[in-house]
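# okay, sequence plus prediction incoming.
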Amino acid sequence: MSRIFRGAYIVWIVLRYGLDELVLTSFQKPWLGVLARVLSVGRKLDAPRGVRLREALERLGPIFVKFGQVLSTRRDLLPPDIADELARLQDRVPPFPSAVAVATIERAFRKSVSDIFESFDHTPVASASIAQVHFAVLKDRNGRLREVAVKVLRPGMLPAIESDLGLMRTMAGWVQGLSADGKRLKPMEVVAEFDKYLHDELDLVREASSAAQLRRNMDGLNLVLIPEMFWDYCATEVIVMERMTGIPISQTERLRAAGVDFQKLARDGVTIFFTQVFRDGFFHADMHPGNIQVSVEPATFGRYISLDFGIVGTLTEFDKEYLAQNFTAFFRRDYKRVAELHIESGWVPANTRVDELEAAIRACCEPVFDRPLKEISLGIILMRLFQTSRRFQVEIQPQLVLLQKTLLNIEGLGRELDPELDLWNTAKPFLEKWMLEQIGPKAFIEQLKNEAPRYAKLLPELPRLLVDFLKQGATDRGGDQRKLLEELLVEHRRTNRLLHGLVFGVIGFGLGLLVMRLLFLSPFLF
Ligand SMILES: Nc1ncnc2c1ncn2[C@@H]1O[C@H](COP(=O)(O)OP(=O)(O)OP(=O)(O)O)[C@@H](O)[C@H]1O
């Protein structure tokens, strides 16, 4: 019953804020348009459509607010005015009672809070729609006292989310079925994506694992601090992590007073991001200023502190190559190459005409170059590429959309800290280094290392396989034999390549040494 009321309330809000006109500009069934107008007499349509959408989502509650926030990143689907307005959605909500947080912690670890913590601060430091954070002092495994932050899921989220998601799916079905325009917005896909996103956010162990992975990846860089997770006290609904102390990045006056070097900070931000993207293919994708602080402790002075690992992006080798090649082709203004790359990678249908795609990309991107190189936004370039691709029926991968959103955040942050930041020149060495690693000797050695166990196992077996094959050949001349022969040939070629590689590698290495020696000796020889 409550589901029916909630559904009716949502429909009323949709009509009240004139959202039907926003999504369904062309009703396929005219009577529906008339009904919508009758039901929503007296509605106010004077505010811009983006504002109306944002206000409606705020009235529908935290899950819809989250939906709007996630949707705001889909700039490949939404017009810019709506995406900008949705990006302004804030999901600060009143905290839930600390007694509820305590009960959740005790249920998760079957221990009383006083057994786990030396002290527990009942006033939360922050409270959002999904979780709330309390500070505490933990007695760790070795009996040491550690200052920690305890993140606790808001109770009753799962049923509320399931119910609202069910209604969203129903509405998405209506939009898709009732309007020709609605289909273009792919409502069912968008809701399915949101469904996955929310369920991921509801498992805090996922978040803790992502934090641990990022912490490991960033270890040698010495530019960013990531809290340690206390695994004995990490469960789906509660995680306990090292408490970080820093100055929020938004408090620039305090940072300046503490003597933080803003230019370095801006450069470091770009370095961290590009390392995560191009070296690790694993990046923090929720880089809003609320999640970033700067350490002013003497031992780690000026390093970033990264928080909230609910959203991370992963990139495949293919994604990385796509990005690196597109960026470099773009900066050479080689739009033909950008178009070819899209066709080669199968992103656009194979029968797409290169010249047409090239012209569309040029029209989209050329205006961006009407400014000094250092002012060009990589995030906007990527967004424009996505927009162009959409016209050519390209499915934009969610991880690339996430990356584009993060890139915009990083650029915004970097330019705020240092208006002179030359993003492209800071990022270029990463792309060049990465490209070199893909084709250079290091890549060859890596490939060799990966394949070695396979050959170590296979090589001793080859003579037996050949004998088996010859024996079988005498009695059986069927299709299996050809298959076996083909497999053997493939293996043989691979082995040959490997051996050739090894031989050339050794010769190359020897020659390299010789050249180095000559170079080293040359000042003495001539
Ligand atoms: N390890 C920590 N050390 C110190 N403070 C922390 C830590 N983790 C979280 N906080 C504080 O709690 C706030 C909220 O944490 P977090 O962003 O992880 O929660 P959230 O519920 O995902 O919030 P949102 O979705 O709004 O970003 C942070 O902005 C920070 O002030």
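The structure has been received and is ready for your questions.
# so which bits of stretch 419-429 are buried?
421-424, 426-427 (16 or more other C-beta atoms under 10 Å). C-beta: built from backbone N, CA, C; applies to glycine.
# of those, which ones also sit close to the ligand?
Among those, no residue lies close to the ligand (C-beta under 6 Å from any ligand atom).
# mark which of these are part of helices, please.
Using DSSP state H, the members of the buried residues of stretch 419-429 that fall within helices are 423-424, 426-427.
# for those residues, give me TSV that also has pLDDT.
Formatted as TSV, those follow (pLDDT from 0 to 100):
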residue	pLDDT
423	77
424	73
426	80
427	77
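# biggest separation within those, which pair?
Maximum pairwise distance among those (C-beta to C-beta): 7.3 Å, between 424 and 426.
# does the most centrally placed residue in the chain count as helix, strand or coil?
By C-alpha atoms, centre = their mean, the mean C-alpha position of the chain lies nearest to residue 313, the distance being 2.5 Å. Here residue 313 is recorded as strand under DSSP: H, G, I helix; E, B strand; the rest coil.
# so it makes contact with residue 402?
Yes: counting by C-beta atoms under 8 Å, residue 313 touches residue 402, with 4.2 Å between them.
# need the overlap of contacts for these two.
Taking C-beta atoms under 8 Å, 6 or more residues apart in numbering as the contact rule, residue 313 and residue 402 both touch residue 285.
# still on that earlier bit, which of the buried residues of stretch 419-429 sits closest to residue 368?
Closest approach between these and residue 368, by C-beta to C-beta: residue 424, at 11.6 Å.
# what's the distance between that closest one and the ligand?
Relative to the ligand, residue 424 is positioned 29 Å away (C-beta to the nearest ligand atom, to the nearest Å).
# list the contacts for the residue nearest to the centre of the chain?
Residue 313 sits in contact with 282-283, 285, 399, 402-403, 406, where contact means C-beta under 8 Å, 6+ apart.
# can we see that at 10 Å?
Residue 313 makes contact with 276-277, 281-286, 319, 398-406 under the criterion C-beta atoms under 10 Å, 6 or more residues apart in numbering.
# for the ligand, what's its nearest residue on the stretch 351-500 of the chain.
residue 409 (12.6 Å; C-beta to the nearest ligand atom).
# what helix or strand is that residue located in?
Using DSSP states H and E, the element containing residue 409 is helix 398-417.
# quick one: mean pLDDT for that helix?
Per-residue pLDDT over helix 398-417 has a mean of 82.
# buried set for it?
Under the neighbour-count criterion of 16+ other C-beta under 10 Å, helix 398-417 has 399-411, 413-415, 417 buried.
# does residue 268 touch residue 292 like I think?
No: assessed by C-beta atoms under 10 Å, residue 268 is found out of contact with residue 292, at 11.4 Å.
# and for these two, which residues touch both?
Joint contacts of residue 268 and residue 292 (C-beta under 10 Å, 6+ apart) are 224, 304.
# sorry, back to before: my guess is the residue of the stretch 351-500 of the chain closest to the ligand meets residue 379, correct?
Yes: here residue 409 lies in contact with residue 379, judged by C-beta under 10 Å, at a distance of 8.1 Å.
# state the mean pLDDT of the helix or strand hosting residue 173.
Assigned by DSSP H and E, residue 173 belongs to helix 157-178. In this model, helix 157-178 has a mean pLDDT of 82.
# stretch 258-272 too?
Confidence over stretch 258-272 (mean pLDDT, whole number) is 93.
# show me what counts as buried in it.
Applying 16+ other C-beta under 10 Å to stretch 258-272 flags 260, 262, 265-272 as buried.
# likewise for stretch 112-122?
113, 116-117, 120.
# next: stretch 85-103.
Quick answer for stretch 85-103 (16+ other C-beta under 10 Å): 85-87, 89, 91, 95-96, 98, 101-102.
# check stretch 137-148 too.
Buried residues in stretch 137-148 (16+ other C-beta under 10 Å): 138, 146, 148.
# could you do stretch 237-245 as well?
Quick answer for stretch 237-245 (16+ other C-beta under 10 Å): 237-244.
# okay, those in JSON lines with secondary structure and distance to the ligand next?
Output for those, formatted as JSON lines (DSSP: H, G, I helix; E, B strand; the rest coil; distance: C-beta to the nearest ligand atom, whole Å):
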{"residue": "237", "secondary structure": "coil", "distance to the ligand": "13"}
{"residue": "238", "secondary structure": "strand", "distance to the ligand": "13"}
{"residue": "239", "secondary structure": "strand", "distance to the ligand": "9"}
{"residue": "240", "secondary structure": "strand", "distance to the ligand": "9"}
{"residue": "241", "secondary structure": "strand", "distance to the ligand": "5"}
{"residue": "242", "secondary structure": "strand", "distance to the ligand": "6"}
{"residue": "243", "secondary structure": "coil", "distance to the ligand": "4"}
{"residue": "244", "secondary structure": "coil", "distance to the ligand": "4"}
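# any chance of the residues you listed in CSV, plus pLDDT?
Compiled in CSV, these are given as follows (pLDDT from 0 to 100):
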residue, pLDDT
237, 95
238, 97
239, 98
240, 98
241, 98
242, 97
243, 97
244, 97
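# turn the buried residues of stretch 112-122 into a markdown table, including pLDDT.
Formatted as a markdown table, these follow (pLDDT from 0 to 100):
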| residue | pLDDT |
| --- | --- |
| 113 | 95 |
| 116 | 94 |
| 117 | 96 |
| 120 | 97 |
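# would a markdown table of these with secondary structure and distance to the ligand be doable?
A markdown table is the format used below for the buried residues of stretch 112-122 (three-state DSSP; distance: C-beta to the nearest ligand atom, whole Å):
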| residue | secondary structure | distance to the ligand |
| --- | --- | --- |
| 113 | helix | 18 |
| 116 | helix | 17 |
| 117 | strand | 15 |
| 120 | strand | 15 |
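# what secondary structure does residue 118 sit in?
strand.
# need the pLDDT of it.
95.
# do the same with residue 213
Listed pLDDT for residue 213 reads 98.
# how about it, phi and psi?
Backbone torsions of residue 213, given as degrees, to the nearest 10, read phi -60, psi -50.
# what's the local residue count around it?
By other C-beta atoms under 10 Å, 16 other residues sit near residue 213.
# from memory it sits against residue 281, does it?
No: using C-beta under 10 Å, residue 213 makes no contact with residue 281, being 11.2 Å away.
# who touches both of those two?
With contacts taken as C-beta under 10 Å, 6+ apart, residue 213 and residue 281 have residue 314 as neighbours in common.
# please name the nearest non-neighbouring residue to the closest residue to the ligand within the stretch 301-450 of the chain.
Relative to the ligand, the nearest point of the stretch 301-450 of the chain is residue 308 (3.3 Å; C-beta to the nearest ligand atom). Closest residue to residue 308 apart from its sequence neighbours, by C-beta to C-beta, 6 or more residues apart in numbering: residue 291 at 4.3 Å.
# next one: phi and psi at the one you found?
Torsion angles, degrees, to the nearest 10, at residue 291: phi -100, psi 10.
# my read: it touches residue 246, true?
No: taking contacts as C-beta under 10 Å, residue 291 lies outside contact range of residue 246: 11.5 Å.
# mind listing what the closest residue to residue 391 other than its chain neighbours touches?
Nearest residue to residue 391 in three dimensions, chain neighbours excluded: residue 360, at 6.4 Å (C-beta to C-beta, 6+ apart). By C-beta under 10 Å, 6+ apart, the contact set of residue 360 is 335, 339, 387-389, 391-392.
# okay then, goodbye and thanks.
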